[in-house]
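# Sequence first, predicted coordinates after that:
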Amino acid sequence: MSDIALKGTRLPAGSRAPKTMDKQRTCARKRCETRLSQYNRKEYCHVHAPTRFPRLRGKILDQS
């Protein structure tokens, strides 16, 4: 075994609290009563969120 050790440093004590939204928000979709987390910045729940496609840079996709 080697005698090499890693040493870390603590985060500064002045770190900010996470941003929060209103606690009583619901999904923006009609008739959806899903309550959103106070930490979720989006307006829709996971089920009704618009589909997003990832950026594929440098990837060659199979065209068949």
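Happy to help now that I have it. Residues are numbered from 1 along each chain as shown.
# for the chain, what spans make up the helices?
Ranges of helices within the chain: none, based on DSSP state H.
# where does it dip in pLDDT?
Along the chain, the parts satisfying pLDDT under 70 run over 1-2, 59-61, 63-64.
# Pull the number of nearby residues for the closest residue to Ala49 other than its chain neighbours.
Nearest residue to Ala49, sequence neighbours excluded (Cβ to Cβ, 6 or more residues apart in numbering): Lys42, at 6.4 Å. All C-beta atoms are positioned from the backbone trio N, CA, C, and that covers glycine. By the measure other Cβ atoms under 10 Å, the count of residues near Lys42 is 15.
# First-to-last residue distance for stretch 22-30?
19 Å (Cα to Cα, to the nearest Å).
# Buried residues of it, list them for me.
Cys27 (16 or more other Cβ atoms under 10 Å).
# For that stretch, what is the distance to the chain centroid?
Mean-position distance between stretch 22-30 and its chain equals 17 Å (Cα atoms, centre = their mean, to the nearest Å).
# And the contacts of it?
Cys32, Glu33, Thr34, Arg35, Leu36, Gln38, Glu43, Tyr44, Cys45, Val47, His48 (Cβ atoms under 8 Å, 6 or more residues apart in numbering).
# again, only using 7 Å
With contacts defined as Cβ atoms under 7 Å, 6 or more residues apart in numbering, stretch 22-30 is touched by Cys32, Glu33, Thr34, Arg35, Leu36, Gln38, Glu43, Tyr44, Cys45, His48.
# could those residues be laid out in a markdown table, adding distance to Thr26 and neighbour count?
Shown next, in a markdown table, are the contacts of stretch 22-30 (distance: Cβ to Cβ, whole Å; neighbours: other Cβ atoms under 10 Å):
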| residue | distance to Thr26 | neighbour count |
| --- | --- | --- |
| Cys32 | 7 | 12 |
| Glu33 | 6 | 8 |
| Thr34 | 6 | 13 |
| Arg35 | 6 | 12 |
| Leu36 | 7 | 20 |
| Gln38 | 12 | 14 |
| Glu43 | 10 | 14 |
| Tyr44 | 10 | 15 |
| Cys45 | 8 | 18 |
| His48 | 11 | 14 |
